[in-house]
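> 3D model of this:
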Amino acid sequence: MSSVVVGNGAANADAGQLSVDLDAGRYIVVVEEGYSAASVAARSPHAVGVSAVFNDAIDGFVADFTEQQIEAIAQDPAVKYVAEDAVLNVAATQTGLNQSGQWGLDVLDDRTFAGDQTYDYVEDGTGVDAYVFDTGIRKSHSEFTRLGLTTGTWDVCSSSATASAVGCYASRYASAAGEDQNGHGSHVAAIVGGTISGVAKNARIIPVQVLGSAGSGYLSDIISGLNWAVSHHTNRPAVGNMSLGVAISSITSTSLAALDTAVKNLMNDGIVGVAASGNAGVEACGYVPAATAGTISVGAVWNASGQLTETSWSNYGECVDIFSPGGSIRSADYTSDSGFKVMSGTSMAAPFVSGAAAIYLQRSPSASTTAIWEAIRDNATYCEVAYYATSRTKQTPNRMLHIGSGVGRTCPPKTISVSNTGGNATVTWTAPEYTNGAVATNYTISFTPSAGVGTCTYSAPTLSCTATGGITNGTNYAASVKAVNSAGDSQPLSVSFVGAGPTVNGEYVVGVISSMPSEPAGVNPVTVTAVPDTTTTTSTTTTTIATTTTLAPPDVPLSAALSAGNGTLKVSWVPASTATTDYSYVVTLGETGKTCTSATTSCTFTGLKNGSFATPKIETFRGETKSSTVVQLSRTLIGITIRANAMKVKSTAALTKFVSSVSRGARTYKVTSGKCRIVRTSLVTPSTTGTCVMRVTIAKYKRFPRMSTTFTVTLLR
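Coordinates of the predicted model:
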């Protein structure tokens, strides 16, 4: 067997790290719709080595086959596809990060994260089922004794079990019968709903043992567990915690499709899906189920003396939906009935969110999986997590799990601009995008350097003020604005400018916005520097005074658009109304340095690699004089074209409207920010204006690689 690294793999061997071995003789066979998996498995030559049959999460079966047999099976018209099975292994666990292991619960109900040594809650998950897909649990541990699992009936995950079952285990683990022999599952389950460590302390924990005593299990074991959960799910509200994962690059496309389908069908059955983002410190879009559309993917933070900080090993980016506590978390130990231990990983972060989902499900038992995510998202605390690396082009949306109704300081203003002339500077800003429970009632404005600069005071309701006098020509300044609410001052949003220079702008980004790939999203103030216009120079001699006039700097294009084709990228623009025949444009791709020069209104790059990214910028020239600003365009994926980026509120549009591609690979869409919803094959917009950020992923197809990109949909009246 060949071995590759996958799953929640962390470079530092954190909790939930997985490795995988492809098993050359074991296959998952998925049958076409309308066929019985059991019937297909029973007929020759399929009857050899069948070990499990699925009818819920997916329709298919698992068996050991020779190469000749599997080739014959793949030709059967009843067979949709075959996928290599894989063995997953939980690796070592990092422990003891020198901080209190109970801090996770402590910060859930406090937007200031000061730590008051209490966890206040109203709901406790009563009436909600929590499926934990893991290594099982120690049923007799004090965290779980209220469940009475020691005497319950346990079923093999792949069987058609009785309704009285309280949990299941893969048939390979019959000797353990659901009992945790590894420790990972007990720790995770207690965070979801343990009596002491749990978020939802009275949720009904349903252990689904898909990994065994060595922390390993087949991909088909995970599918068996998901299938079992779907077949046993009643009308009770439910959440499913998946503190495990597989790197997409390490398994075949058909194996990926089988797992992805099973996870989606779990959620289609009404079970809220929560997944660890992974511990490799890379973009989470390369892992499933974290990247599976509809799952709530969770990144990890730890508490650095009251400052919540993204861990170095947490996967990140647009496929992560929310942060929660994951560094140095105290929960149940599987070696005794009363033991506890500290573990770290996104495996620990995910169950905090699963517990929160259980609380929201108790409040709204009939709510859809999408509605539960929206409730968690809308009640999150924004702008307070310190990113591990602010230089990343894609960050996790800066939202932290919160349970309760507490108030925190607001986010900074959304945008800022400065215009200055005659020694005066006018600062204009827009209100914060998120206020964390209390709207901003005041703003404080400051300048650096401040010596001699007039006072700039906010006067409601106008989001603008003018510093009269003191701005010196040619001096570099920074203007900063803080929003103030009942919890205190926000972080500042700043913009740099030059005395008597042109108007400049800055923006604070909460989340992932593809049109601003170079900006860190959410922690540090965004700084924009403008160069002052220079129109004339004057030289003198002892006999004459001569004025040498250069051309005025050109005005940049009014707008620009991108169109990506098969290895091509067309950049087009609308020139400024002042543009003349001596204007020219140079377009540069940031990733490769390729340039294209045009005296018209477009440039086309060819010979680009499908699946690669290109970030164009447009420089404008008038003769030899270059504009003082550059038009920076969005980071674009070659092979995908965004065809539409606006919709009316309270409307519905087919997802195919938005994206075209040279690849015919299967497409998956996900809303990563905003209140839009995906309903089957359509995008449904809310009743309010704003934006929704979408991610589209196109599966590998023939010579075309797997491709993924984001785009923003503007919501209009």
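> ranges for the strands of the stretch 151-300 of the chain?
Taking DSSP state E, counting those that start in this stretch, the strands of the stretch 151-300 of the chain run over residues 153-156, 165-169, 204-209, 216-218, 238-242, 246-247, 271-276, 287-288, 296-304.
> in the next helix or strand after the last one, what's buried?
Right, strand 296-304. Sequence-wise, the next helix or strand downstream of strand 296-304 (DSSP states H and E) is strand 307-310. Residues of strand 307-310 classed as buried under the neighbour-count rule (16 or more other CB atoms under 10 Å) are 308-310. Using the backbone N, CA and C atoms, a C-beta is placed for each residue, glycine as well.
> try stretch 127-139
Neighbour-count burial for stretch 127-139 [16+ other CB under 10 Å]: 128-139.
> how about the CA coordinates for it, as CSV?
Presented in CSV, the C-alpha positions along stretch 127-139 are these (Å, rounded to 0.1, in the frame of the first residue of the first chain):
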residue,chain,number,x,y,z
GLY,A,127,-34.1,17.4,23.2
VAL,A,128,-31.2,17.6,20.7
ASP,A,129,-29.2,14.7,19.4
ALA,A,130,-25.4,15.1,18.9
TYR,A,131,-23.8,12.5,16.6
VAL,A,132,-20.0,12.3,17.3
PHE,A,133,-18.2,10.6,14.4
ASP,A,134,-14.9,9.6,16.1
THR,A,135,-13.2,6.9,18.1
GLY,A,136,-16.1,6.2,20.4
ILE,A,137,-16.4,7.3,24.0
ARG,A,138,-15.7,6.0,27.5
LYS,A,139,-19.4,5.3,28.3
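> and it, average pLDDT?
Stretch 127-139 shows a mean pLDDT of 94.
> quick one: it to chain centroid distance?
Remark: stretch 127-139 is offset 25 Å from the chain centroid, using CA atoms, centre = their mean, to the nearest Å.
> try stretch 414-426
35 Å.
> contacting residues around it?
427-433, 447, 453-454, 456, 464-472, 477, 479, 481, 493-495, 497, 499-508 (CB atoms under 8 Å, 6 or more residues apart in numbering).
> And what about the closest residue to N241 other than its chain neighbours, helix, strand or coil?
Nearest in space to N241, with sequence neighbours left out and distances taken as CB to CB, 6 or more residues apart in numbering, is S354 at 4.1 Å. Of the three states, S354 takes helix under DSSP: H, G, I helix; E, B strand; the rest coil.
> F61 too?
Strictly by three-state DSSP, F61 counts as strand.
> Same check on T656?
Assignment for T656 (three-state DSSP): helix.
> so what pLDDT did it get?
The predicted local confidence for T656 is 81.
> Just the mean pLDDT for stretch 424-438, thanks.
Stretch 424-438 comes out at a mean pLDDT of 92.
> Now do the end-to-end distance for that stretch.
This stretch, stretch 424-438, spans 33 Å end to end (CA to CA, to the nearest Å).
> and what of stretch 275-292?
9 Å.
> same thing with stretch 205-222?
18 Å.
> Who are the contact partners of the residue nearest in space to the middle of the chain?
Residue closest to the average C-alpha location in the chain (CA atoms, centre = their mean): V320, at 2.2 Å. Residues in contact with V320 (CB under 8 Å, 6+ apart) are 277, 284, 290, 297-299, 314, 396-397.
> hang on, D180 packs against V188?
No. Shown here, D180 and V188 do not form a contact pair, counting by CB atoms under 8 Å, at 9.9 Å.
> The two - which one has more neighbours?
The neighbour count for D180 versus V188, taken as other CB atoms under 10 Å, is higher for V188 (34 against 28).
> what sits against that one?
Applying CB under 8 Å, 6+ apart, the residues contacting V188 are 132, 134, 241, 243, 331, 347-348, 350-351.
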